[in-house]
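Visitor: sequence first, then the predicted structure:
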Amino acid sequence: MLHLSAPHPLDSAAVLAWYDRHARTLPWRTSPQQRAQGARPDPYSVWLSEVMLQQTTVAAVARYFARFIELWPTVADLAAAPLEAVLVEWAGLGYYARARNLHACAVAVVDRYGGVFPDRAEGLRTLPGIGPYTAAAIAAICHDEPVAVLDGNVERVLARYHALPVPVREAKEELRSNLRCSVPVRAGDFAQALMDLGATVCAPRSALCMLCPLEPGCAGVRTGNPTGYPIKPSKADRPIRYGHAYVMRDGGGDIYLRTRPDKGLLAKMTEVPTSDWTAALVEPSYPAAGDWRHHGQVVHVFTHFRLELEVWSAIVSDTAALADGWWAEPRDTGREALPTLFRKVLASVGL
DNA sequence: AAGTCGGGGGC
DNA sequence: GCCCCAGACTT
């Protein structure tokens, strides 16, 4: 089914001219001026930033990016690091499968390609954690391969430009093939230009069309309601799950921590023990004997459900049954792979 | 094609 | 509160 009534190439020259004047300065970016003088971005930095930026804002990524580059300046350094160290540094950024795939990808690049990333999107696409978007982005930005770089920003720009009459998901491949026809020689700058355009001019709730280099051909402007696009699919309501979290401390004040299962939510990350998370709250079932004290609730919102945990703490003496985890000093929890949820739990008991 | 997978910033 | 973010992977 075709949804682009009159597909025509974008004015890529106008987009590039806009980008030459308005490109954002980002830590992982090579500016259009630098690129014009022959500078090429480092594929490792581009890859690292692209993975971190998946479904994640620039502001949230900046500190993590700097820290990873400081700790692991090359893909070989990252590949040589233990996965546990990578998870510690990723903690708080979310979508932890990205961190596991990041490490697996680094190992694969070293083992399969001698530490050099493939230069074409087709080759990049075979690596863990690199999907259609990321493969295209790396190949375009690093080598100017003329591929369509289609992220959420660009989807919005194109949905408005074409006044796309259906949700993006139903027309994604059509948008991709159409965009491919508009890619100029400066493929990397063009890709970053469209993403900057979506982030600054053609933003989710505001469209500054008078500033947009694509305004002359934009069907969304002609409808009089460009921000009405993209059309959103109906959203499912978020269920609530309930449970208990048990913060245990030994006689020395150390906190009992353990590793979550290999698969599923927050896989392989560090946690404090909790009950199952269920549709209705059940009575607490304390993991060890002690004088248990209630500390109120922690509420945490995940993508597809909302979690409300009752937080309990106790000093426990019989620690024999707590053998699968370890005891950590409160001052050392910054070096544990604790997701934000469990940092909230510790904070609620004053740790 | 739909579901799973975090967390935060902006409004 | 709600929306969305330089998406990938599984089923």
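Guide: Yep, it's here.
Visitor: phi, psi of residue A:33?
Guide: phi -70, psi -40 (degrees, to the nearest 10).
Visitor: how about the closest residue to it other than its chain neighbours, secondary structure?
Guide: In space, and not counting its chain neighbours, residue A:33 is closest to residue A:20: 7.7 Å by C-beta to C-beta, 6 or more residues apart in numbering. All C-beta spots, glycine's among them, are computed from the backbone N, C-alpha and C. Under the three-state scheme (DSSP: H, G, I helix; E, B strand; the rest coil), the conformation of residue A:20 reads as helix.
Visitor: give me the neighbour count for residue A:20.
Guide: Using other C-beta atoms under 10 Å, residue A:20 has 15 other residues around it.
Visitor: show me the contacts for the residue of the stretch 51-200 of chain A found nearest DNA strand C.
Guide: As assessed by C-beta to the nearest atom of the strand, DNA strand C sits closest to residue A:131 within the stretch 51-200 of chain A, at 2.3 Å. Residue A:131 makes contact with residue A:125, according to C-beta atoms under 8 Å, 6 or more residues apart in numbering.
Visitor: residue A:121 too?
Guide: A:135, A:136, A:138, A:139, A:140, A:145, A:147.
Visitor: how near is the last one to DNA strand B?
Guide: Okay, so that is residue A:147. 21 Å (C-beta to the nearest atom of the strand, to the nearest Å).
Visitor: per-residue confidence at that residue?
Guide: For residue A:147, the model assigns a pLDDT of 97.
Visitor: which of the three states applies to it?
Guide: coil.
Visitor: if we ignore the residues flanking it in sequence, what's nearest it?
Guide: residue A:136 (4.3 Å).
Visitor: confidence score at the closest residue to residue A:85 other than its chain neighbours?
Guide: Spatial nearest neighbour of residue A:85, chain neighbours left out: residue A:71 (8.0 Å); criterion: C-beta to C-beta, 6+ apart. Residue A:71 is assigned 98 on the pLDDT scale.
Visitor: same check on residue A:321?
Guide: So residue A:321 comes in at 81 (pLDDT).
Visitor: how far away is it from DNA strand C?
Guide: 32 Å.
Visitor: which ones are touching the residue nearest to residue A:147?
Guide: Contacts of residue A:136 by C-beta under 8 Å, 6+ apart are A:121, A:145, A:147, A:148, A:149, A:150, A:191.
Visitor: just to revisit the earlier point, from the contacts of residue A:121, which land in helices?
Guide: If you go by DSSP state H, the contacts of residue A:121 have A:135, A:136, A:138, A:139, A:140 in helices.
Visitor: just these now: which is nearest residue A:102?
Guide: residue A:138 (13.4 Å; C-beta to C-beta).
Visitor: tell me the secondary structure for residue A:79?
Guide: helix.
Visitor: ok, it - how many residues close by?
Guide: 18.
Visitor: list phi and psi for residue A:335.
Guide: Torsion angles, degrees, to the nearest 10, at residue A:335: phi -100, psi 10.
Visitor: list the contacts of the residue nearest to it when sequence neighbours are not counted.
Guide: What sits nearest to residue A:335 in space, not counting adjacent residues and going by C-beta to C-beta, 6+ apart, is residue A:88, at 6.2 Å. Each residue near residue A:88 by C-beta under 8 Å, 6+ apart is listed here: A:335, A:336, A:337.
Visitor: by neighbours, which of those wins?
Guide: The contacts of residue A:88, ranked by neighbours (other C-beta under 10 Å): first place residue A:337, 25 neighbours.
Visitor: my read: it touches residue A:83, true?
Guide: No: contact status for residue A:337 versus residue A:83: not in contact, 9.7 Å apart, counting by C-beta atoms under 8 Å.
Visitor: shared neighbours of these two, anything?
Guide: Joint contacts of residue A:337 and residue A:83 (C-beta under 8 Å, 6+ apart) are residue A:268.
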